[in-house]
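**Q** all I have is the shape, not the residue letters:
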């Protein structure tokens with residue numbers, strides 16, 4: 001194969017233009033989910049997956065004085081759990097949520113009691129990115145203090161995208177710990193990174209193979225033997241080697257990116 005044929009294989013793909021956008025804020029208020037089967041929340045909210053979470057409507061906080069109290073900070077519904085995991089399909093960099101107890105008592109000793117809520121952020125492999133904690137009221141010293149209750153706010157943030165978080169009243173995390181409510185889950189989703197100019201390097205291989213390399217993580221390619229006609233065929237470029245049926249075709253193949261794929 002001569003130098004001219006090898007040059008035909010090295011195709012520089014046109015730059016992908018992507019408009020830069022600011023980070024997105026998304027608020028999940030758990031309203032309109034009372035039709036969830038058995039009130040179990042899983043993947044009913046786009047981009048999220050919940051483990052060990054229910055939706056309760058109305059989100060009533062029971063208390064020993066019997067006063068009407070709600071854990072819903074917007075609307076009438078809230079999430080309920082004894083240890084929750086929430087998975088994200090987007091590049092979430094901050095999570096904020098309000099947390100409330102499921103029950104408030106007025107003990108005979110007339111002392112206020114506080115519980116600790118823990119919010120922990122993880123990478124996909126289970127590595128802890130960051131964590132925070134806050135206090136939520138569990139008991140008040142007198143009946144009238146119940147009316148002064150306000151939910152607590154807890155948040156975590158990370159420059160590395162958060163794959164999932166755990167929310168719990170136990171440390172370490174426990175699916176079967178004390179129960180609690182949470183509402184108004186606020187997610188900050190990172191702006192997409194600016195696209196770089198992808199370049200495909202094509203090298204002739206042995207026995208009708210073409211070795212592919214590219215300057216980005218994963219893509220779907222198209223190829224043709226006739227650049228002018230543009231009769232492109234799609235191939236999945238999840239490997240670095242593409243096999244041709246006819247070894248003589250390799251010097252006449254042109255490649256281009258059809259679309260970028262998410263990282264695997």
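**A** Ah, there it is. Predicted, not measured: the structure shown is a model, and the values here were computed from it.
**Q** helix/strand/coil for residue 92?
**A** Three-state assignment for residue 92 (DSSP: H, G, I helix; E, B strand; the rest coil): strand.
**Q** ok, for it, nearest residue in space, not its chain neighbours?
**A** residue 162 (4.7 Å; Cβ to Cβ, 6 or more residues apart in numbering). All C-beta spots, glycine's among them, are computed from the backbone N, C-alpha and C.
**Q** and if you look at residue 119?
**A** residue 154 (4.7 Å).
**Q** what of residue 153?
**A** Among residues not flanking residue 153 along the chain, residue 98 sits closest, at 5.5 Å (Cβ to Cβ, 6+ apart).
**Q** tell me who's in contact with residue 64.
**A** Contacts for residue 64 were tallied using Cβ atoms under 8 Å, 6 or more residues apart in numbering; they are 104-106, 143.
**Q** Serialize those to CSV and add fields for neighbour count and distance to residue 62.
**A** CSV is the format used below for these (neighbours: other Cβ atoms under 10 Å; distance: Cβ to Cβ, whole Å):
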residue, neighbour count, distance to residue 62
104, 22, 8
105, 15, 9
106, 19, 12
143, 13, 14
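**Q** of those residues, closest to residue 119?
**A** Minimum distance to residue 119 across these is 21.0 Å, recorded for residue 104 (Cβ to Cβ).
**Q** okay but that closest one is in contact with residue 67, surely?
**A** No. With contacts counted by Cβ atoms under 8 Å, residue 104 stays clear of residue 67, the gap being 9.1 Å.
**Q** residue 128: neighbour count?
**A** Neighbourhood size, residue 128 [other Cβ atoms under 10 Å]: 10.
**Q** can you check residue 67 too?
**A** Residue 67: 14 surrounding residues under other Cβ under 10 Å.
**Q** cool, residue 125 as well?
**A** Residues lying near residue 125 (other Cβ under 10 Å) number 6.
**Q** on the three-state scheme, it is what?
**A** On the three-state scheme (three-state DSSP), residue 125 is labelled coil.
**Q** re the thing from before, now pLDDT and distance to residue 58 too, for the contacts of residue 64, in JSON lines please.
**A** Shown next, in JSON lines, are those (pLDDT from 0 to 100; distance: Cβ to Cβ, whole Å):
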{"residue": "104", "pLDDT": "90", "distance to residue 58": "16"}
{"residue": "105", "pLDDT": "87", "distance to residue 58": "20"}
{"residue": "106", "pLDDT": "81", "distance to residue 58": "22"}
{"residue": "143", "pLDDT": "78", "distance to residue 58": "22"}
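**Q** closest one of these to residue 150?
**A** Using Cβ to Cβ, residue 104 is the member of these that lies nearest residue 150, at 11.9 Å.
**Q** beta partners of that closest one?
**A** For residue 104, the beta-bridge partners under DSSP bridges are residue 63.
**Q** residue 177 touches residue 83, doesn't it?
**A** Yes. Residue 177 is within contact range of residue 83, at 5.1 Å (criterion: Cβ under 8 Å).
**Q** comparing the two, which shows the higher neighbour count?
**A** Taking other Cβ under 10 Å, residue 177 and residue 83 do not tie; residue 83 has more neighbours (21 against 16).
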